[in-house]
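# Structure here, sequence nowhere to be found:
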């Protein structure tokens, strides 16, 4: 790694020689069956009846302010109640549950409905935050209108990154759910593991990526702040036959020309070729694209 | 007929690290959203002055009335921060469109989408961007960093076409393309008699009158 351009402030992750591969069933029959099952169970759970619309990606049930969408590629779902979801009115700040209560309620809700998987854990409790400023008012008013309990997933002790591996349960009171999404693919561990790229090599691949090719020594600095090994789950709208083993590399770029900015990249952590790309359904590009 | 325009940057010529997906991201939006295409400029044809109001900032070379403020919705995909949207060249003004240089909506623009990191960071956001609202309804973007993805624009457009509100469509598109450490955001304006909260894309539902004069600003951020 060119140390004149790159500065390493992160600890290299401690990793083994190999990494397990987790695959997901993507055949059409299985997905159609799962979507139909989800439609039945979620319709009952959220009290939404009627004929589901099909927008090509999702089956959508709607009733008044409530809707639930089932993503056909991943069997993920999203429920939201527009009367309460991402609202701005201050009245929604009055009865918000505290973080501990919200967390307990969320876990209970998921457990009772068979949605709390063994490999899920609470990652954070966050809010929908509003800042309201009247005309000529320099001191804006700030308040929260929703509490979100965010769950993340792990496999083999490694985190699963990406938009397709998260569950969120949101509340406006300790009794009212404003929304629930559950983005996860059911996976199974393959019998054979794959050789893992060393963290040092992954850093080298990252540093030699075209993204940094035009940065000039002395005029730019790339500081690596964090490096983690895990898996990447694509958007719930995408078919994905295998979770992608990745190193997640986060840091900051400073240049003379522009204010500094943060970045987060993923480097594919196994050697793979076009056959793998096709068989595993990696949808991030091709065998020449190891950084995304 | 509703009009749309996009600008995107992947090549930064050493001014910043290059990006990979901003062409696909913006073009997905452009090709999917119903309405009339008015402009697409990418890489060295994307200029900061296209978003800036004439006479604002220094240098004050803004030409937004021919570009960003000449369409109903304009979508930028590239690098950004609370300091502005970053471009690949500096000889068309100074290389970034800073908050104080924006003044949209006094001609046409209702919605500005900044698909870039941290343009809508919460700190001082209503003061920082108040000047951008000259009839503009919304700025949609991120409080945090975001990923360089190829399909958020298309997802956003599809949801607008499906009659979701503008705010809902953005929040949903961001949740489908980011993990929960990312926080998406919007900043919208309202004035007497307007209701931009309920805005839809043209032809897909209610669209508020333009908020003008003394406007209230409402900022929302939420985890994806």
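Arrived safely, thanks for sending. On a predicted model such as this, the values are computed, not experimentally measured, just so you know.
# Retrieve the pLDDT associated with the residue nearest the centre of chain B.
In chain B, the centroid-proximal residue (Cα atoms, centre = their mean) is residue B:113; its distance is 2.0 Å. pLDDT for residue B:113: 98.
# Settle this for me: it is touching residue B:71, isn't it.
No - in this structure, residue B:113 is not within contact of residue B:71 by Cβ atoms under 8 Å, at 11.4 Å. C-beta coordinates here come from the backbone N, C-alpha and C atoms, glycine included.
# Need phi/psi at residue A:43.
Dihedral angles phi and psi of residue A:43 (degrees, to the nearest 10) take the values phi -60, psi -40.
# which one is it nearest to, not counting chain neighbours?
Nearest residue to residue A:43, sequence neighbours excluded (Cβ to Cβ, 6 or more residues apart in numbering or on different chains): residue A:61, at 5.8 Å.
# Residue of the stretch 101-250 of chain A nearest chain B, please.
Going by Cβ to the nearest Cβ, chain B is nearest to residue A:135 of the stretch 101-250 of chain A, at 3.4 Å.
# three-state assignment of that residue?
Put simply, residue A:135 is coil when judged by DSSP: H, G, I helix; E, B strand; the rest coil.
# what do you get for the one 10 residues further on?
Under three-state DSSP, residue A:145 falls in the strand class.
# could you list every residue that touches it?
A:86-90, A:92-93, A:96, A:127-130, A:172 (Cβ atoms under 8 Å, 6 or more residues apart in numbering or on different chains).
# Now restrict the residues you listed to buried residues only.
A:86, A:87, A:88, A:92, A:93, A:96, A:127, A:128, A:129, A:130, A:172 (16 or more other Cβ atoms under 10 Å in any protein chain shown).
# and which of the residues you listed is nearest residue A:227?
Closest approach to residue A:227 among those (Cβ to Cβ): residue A:127, at 29.2 Å.
# I'd guessed that closest one sits against residue A:147; true?
Yes - contact criterion Cβ under 8 Å: residue A:127 and residue A:147 qualify, at 5.9 Å.
# Now the common contact residues for the two.
residue A:96.
# The closest residue to residue A:248 other than its chain neighbours: what's it in contact with?
Closest residue to residue A:248 apart from its sequence neighbours, by Cβ to Cβ, 6+ apart: residue A:228 at 4.8 Å. Applying Cβ under 8 Å, 6+ apart to residue A:228 gives the contacts A:13, A:159, A:247, A:248.
# right, and the secondary structure at residue A:228 would be what?
strand.
# how about the lowest-mean-pLDDT helix or strand in chain A, does it get close to chain B?
Counting by mean pLDDT, DSSP states H and E, the weakest-scoring helix or strand in chain A turns out to be helix A:274-280, with a mean of 74. No - applying Cβ under 8 Å from any Cβ of the partner chain, one finds helix A:274-280 separated from chain B by no less than 16.0 Å.
# Return the distance of the residue in chain A sticking out farthest from the centre relative to residue B:131.
Residue farthest from the centre of chain A, counting by Cα atoms, centre = their mean, is residue A:136 at 38.9 Å. Look at residue A:136 and residue B:131: by Cβ to Cβ, to the nearest Å, they are 13 Å apart.
# ok, now residue B:156?
25 Å.
# Any part of stretch B:200-220 near chain A?
Yes - using Cβ under 8 Å from any Cβ, stretch B:200-220 reaches chain A at B:214, B:215, B:216, B:217, B:218, B:219, B:220.
# What are the buried residues along stretch A:107-120?
Of the residues in stretch A:107-120, A:107, A:109, A:110, A:115, A:116, A:120 count as buried by neighbour count, 16+ other Cβ under 10 Å.
# er, stretch B:118-135 actually
So for stretch B:118-135, counting by 16+ other Cβ under 10 Å, buried means B:118-122, B:125-126, B:128-130, B:132-135.
# among the residues you listed, which are within reach of chain A?
Restricting the buried residues of stretch B:118-135 to those touching chain A (Cβ under 8 Å from any Cβ) yields B:118, B:122, B:125, B:126, B:130.
# now, which of those residues sits nearest chain A?
Distance to chain A, by Cβ to the nearest Cβ, is smallest for residue B:126 among these, at 3.8 Å.
# Would it be right to say that the closest one lies in a helix?
Yes - using three-state DSSP, the secondary structure at residue B:126 is a helix.
# Identify the residues contacting the closest residue to it other than its chain neighbours.
Closest residue to residue B:126 in three dimensions, ignoring its sequence neighbours and counting by Cβ to Cβ, 6+ apart: residue A:133, at 3.8 Å. With contacts defined as Cβ under 8 Å, 6+ apart, residue A:133 is in contact with A:139, A:140, A:141, B:126, B:127, B:130, B:216, B:217, B:218, B:219.
# which of those are buried?
The neighbour count (16+ other Cβ under 10 Å) marks A:140, B:126, B:130, B:216, B:217, B:218, B:219 as buried among the contacts of residue A:133.
# On the three-state scheme, the third one is what?
With three-state DSSP as the basis, the three-state label of residue B:130 is helix.
# residues contacting the closest residue in space to it that isn't next to it in sequence?
Spatial nearest neighbour of residue B:130, excluding adjacent residues (Cβ to Cβ, 6+ apart): residue B:217 at 6.3 Å. Counting by Cβ under 8 Å, 6+ apart, residue B:217 touches A:131, A:132, A:133, A:140, B:126, B:129, B:130, B:133, B:187, B:188, B:189.
# go on, residue A:54?
Contacts of residue A:54 (Cβ under 8 Å, 6+ apart): residue A:60.
# Could you give the bridge partners of it?
Taking DSSP bridges as the rule, residue A:54 bridges to residue A:59.
# quick one: it from chain B, how far?
Applying Cβ to the nearest Cβ, to the nearest Å, the value for residue A:54 to chain B is 12 Å.
# In terms of helices and strands, where is the residue nearest to the centre of chain B?
According to DSSP states H and E, residue B:113 maps onto strand B:111-115.
# Return the list of helices and strands in contact with that strand.
Contacts defined by 3 or more Cβ pairs under 8 Å, 6 or more residues apart in numbering or on different chains; DSSP states H and E place strand B:111-115 against helix B:22-32, strand B:73-77, strand B:138-142, helix B:152-161.
# which one of the ones you listed lies closest to residue A:82?
That would be helix B:152-161 among the helices and strands packed on strand B:111-115, by Cβ to Cβ, at 13.4 Å.
# So is that closest one next to chain A?
Yes - Helix B:152-161 reaches chain A (Cβ under 8 Å from any Cβ) through B:155, B:158.
# for residue A:211, what are its contacts?
Residues in contact with residue A:211 (Cβ under 8 Å, 6+ apart) are A:265, A:291, B:17, B:18, B:19, B:20.
# Show me these that map onto strands.
Among the contacts of residue A:211, the members falling in strands (DSSP state E) are residue A:265.
# Lowest-confidence entry in the contacts of residue A:211?
residue A:291 (85).
# Quick one: neighbours of that one, just the number.
22 (other Cβ atoms under 10 Å in any protein chain shown).
# Leaving out chain neighbours, which residue sits closest to it?
Take residue A:291 and drop its neighbours on the chain: the residue closest to it by Cβ to Cβ, 6+ apart is residue A:209, 4.4 Å away.
# roughly how far apart are the one you found and residue B:20?
9 Å.
# repeat for residue A:144
Where residue B:20 is concerned, residue A:144 sits at a distance of 35 Å (Cβ to Cβ).
# Those two: which is more packed in?
In this comparison of residue A:144 against residue B:20, neighbours counted by other Cβ under 10 Å, the higher total goes to residue B:20 at 20 against 15.
# Could you report the pLDDT at the nearest residue to that one once chain neighbours are set aside?
Counting by Cβ to Cβ, 6+ apart, residue B:20 lies nearest to residue B:148, which is 5.6 Å off, once chain neighbours are set aside. We have a pLDDT of 92 for residue B:148.
# wait, residue B:148 sits on residue B:17?
No - in this structure, residue B:148 is not within contact of residue B:17 by Cβ under 8 Å, at 9.9 Å.
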